[in-house]
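Peer 1: heads up, no residue letters with this:
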């Protein structure tokens, strides 16, 4: 989920990735749960990891082919509403916002 805050800054998450042995700076993201729509998953991950909520209005999805057999769906969220984060037990995520150039 590409989330832009009220100052047009993109919200990114610092998250440790064991497979790489390092912390990465990433978009809030996650896997689809069984039977879950991609847009619902994007909203859920944005709420859980970043503590923001965005209703479906104004969100668009784009399909991007990854360098493997999986797909990545990218969504844009604006006019965010701050909510309580709900991190998984194994997640230790710090957020950082970066100004987007116009």
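Peer 2: Received the coordinates, thanks. Everything numeric in this text was worked out from a predicted model, so none of it was measured. Residues are numbered from 1 along each chain as shown.
Peer 1: any idea of the mean pLDDT in stretch 19-33?
Peer 2: Averaging pLDDT along stretch 19-33 gives 89.
Peer 1: What is the end-to-end distance of that stretch?
Peer 2: Terminal residues of stretch 19-33 lie 22 Å apart, using C-alpha to C-alpha, to the nearest Å.
Peer 1: Centre of the chain to that stretch, how far?
Peer 2: Chain-centre distance of stretch 19-33: 9 Å, with C-alpha atoms, centre = their mean, to the nearest Å.
Peer 1: which of the residues in it are buried?
Peer 2: For stretch 19-33, burial by neighbour count (16 or more other C-beta atoms under 10 Å) applies to 27-29. Heads up, the C-betas are built off the backbone N, CA and C, glycines and all.
Peer 1: May I see those organised as CSV, with secondary structure added?
Peer 2: Shown next, in CSV, are these (DSSP: H, G, I helix; E, B strand; the rest coil):
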residue, secondary structure
27, coil
28, coil
29, coil
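Peer 1: All set now, cheers.
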